[in-house]
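Q: I would like the atomic coordinates for the input below:
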Amino acid sequence: MARLILSIFVLGLSGCEPLALTLIGAGAGTALRYGLDGVAYRTFTAPAQDVKHGALAALERMGLTVDGAERFEGGEVIYARSAQRTIEIDVEPISAKATRMRIAAKNGGLFYDNATAYEIVAQTERQLESAARGPSLRDSTF
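A: Modelled structure (predicted):
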């Protein structure tokens, strides 16, 4: 059905072949990019140890199971999973105060899950911001 609609649309643009090819290429490129290279990157202005702790807290907050971690030349990789996802988080120090994080969330097949990878970035950022602000009234006991 989608091919039929696309064919009709392209036929309607037969006089504008460059426009039709651009539209088809842009749509296909976006779908392919979203599905195959779904890796999220983020550089934080924070030491690597802080980013690692933020990522671990994010995984816990999201209910993901941490399977372990191992060091590699220049950083550390954290392995996590859920029932339908495997996740790898690379934490690589750039300097004493800057750290690059790379997240790949695979959905069990050939495709990656961008939404989960980006949510891990967002939750890590939230954890780092919370730690930078210090304890809140919510965290203290009376």
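Q: quick one: find the helix or strand in the chain with the lowest mean pLDDT.
A: Lowest by mean pLDDT, DSSP states H and E among the helices and strands of the chain is helix 17-36, with a mean of 44.
Q: next structured bit after that one?
A: strand 39-44 (DSSP states H and E).
Q: which neighbouring elements make contact with that next one?
A: Where contact means 3 or more CB pairs under 8 Å, 6 or more residues apart in numbering; DSSP states H and E, strand 39-44 is packed against helix 48-61, strand 98-106, helix 114-133. C-beta: built from backbone N, CA, C; applies to glycine.
Q: same thing but 6 Å
A: strand 98-106, helix 114-133 (3 or more CB pairs under 6 Å, 6 or more residues apart in numbering; DSSP states H and E).
Q: may I have that strand as PDB, with CA atoms only?
A: Extracted in PDB, the C-alpha atoms of strand 39-44 (Å, rounded to 0.1, in the frame of the first residue of the first chain):
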ATOM      1  CA  VAL A  39      24.100   5.200  18.600                       C
ATOM      2  CA  ALA A  40      23.800   8.200  20.900                       C
ATOM      3  CA  TYR A  41      26.800  10.300  21.800                       C
ATOM      4  CA  ARG A  42      27.200  13.000  24.400                       C
ATOM      5  CA  THR A  43      30.100  14.900  25.900                       C
ATOM      6  CA  PHE A  44      29.600  16.000  29.500                       C
END
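Q: neighbouring strands - and their directions - for it?
A: strand 98-106 (antiparallel) (DSSP bridges).
Q: buried residues in the strand it pairs with?
A: Buried residues in strand 98-106, counted by 16 or more other CB atoms under 10 Å: 99-106.
Q: and of those residues, the nearest to residue 131?
A: residue 99 (13.6 Å; CB to CB).
Q: please name the residues that touch that closest one.
A: By CB atoms under 6 Å, 6 or more residues apart in numbering, the contact set of residue 99 is 44, 46, 48, 51, 93.
Q: and of the residues you listed, the nearest to residue 122?
A: Closest approach to residue 122 among the contacts of residue 99 (CB to CB): residue 44, at 12.1 Å.
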